[in-house]
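Student: could you work out the structure for the sequence below:
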Amino acid sequence: MTAPLRCLGATLFVGEQQAPVEAHVGVFLPDTGLWGGILHRVPTWLAVGLPSADQVRLRLPTGQERRVRPLEIAEAIDGRDVSVPFLGEGTVPF
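Tutor: As a prediction, the model looks like this:
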């Protein structure tokens, strides 16, 4: 993975709901454009809807927005927020 881009002001959209998150985004295979990363500080109330959501989108502070595919939902460490690994869809947003 190339050096990740750390975005403190990203926004995660799950259906009609949204919340600010911290996103660590990078390119896994530069020749293929496969990108993804880990979403941190995802509120538990939003994370529970990820597996059944028709559409999950990530907006970076630059305004770039892409669909993402959550891979797994980690258990909340502090009882409020979770971390979620994901793969991005479409072109790399940075």
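Student: how about the helices of this structure, start to end?
Tutor: 44-47 (DSSP state H).
Student: mind checking pLDDT for Leu46?
Tutor: Note for Leu46: predicted pLDDT of 91.
Student: and it, how far from Phe13?
Tutor: 9 Å (CB to CB, to the nearest Å). In short, each C-beta sits where N, CA and C put it, glycine included.
Student: which one of the two has more residues nearby?
Tutor: The residue with more neighbours, out of Leu46 and Phe13, is Leu46; 22 against 18, by other CB atoms under 10 Å.
Student: wait, that one sits on Val14?
Tutor: Yes. At 5.5 Å, Leu46 counts as touching Val14 under the criterion of CB atoms under 8 Å.
Student: list the contacts for Gln55?
Tutor: Contact analysis of Gln55 by CB atoms under 8 Å, 6 or more residues apart in numbering lists 13-15, 67.
Student: I'd like the residues you listed as a markdown table, with distance to Val27 and pLDDT appended.
Tutor: Output for the contacts of Gln55, formatted as a markdown table (distance: CB to CB, whole Å; pLDDT from 0 to 100):
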| residue | distance to Val27 | pLDDT |
| --- | --- | --- |
| Phe13 | 22 | 96 |
| Val14 | 24 | 95 |
| Gly15 | 27 | 90 |
| Arg67 | 17 | 96 |
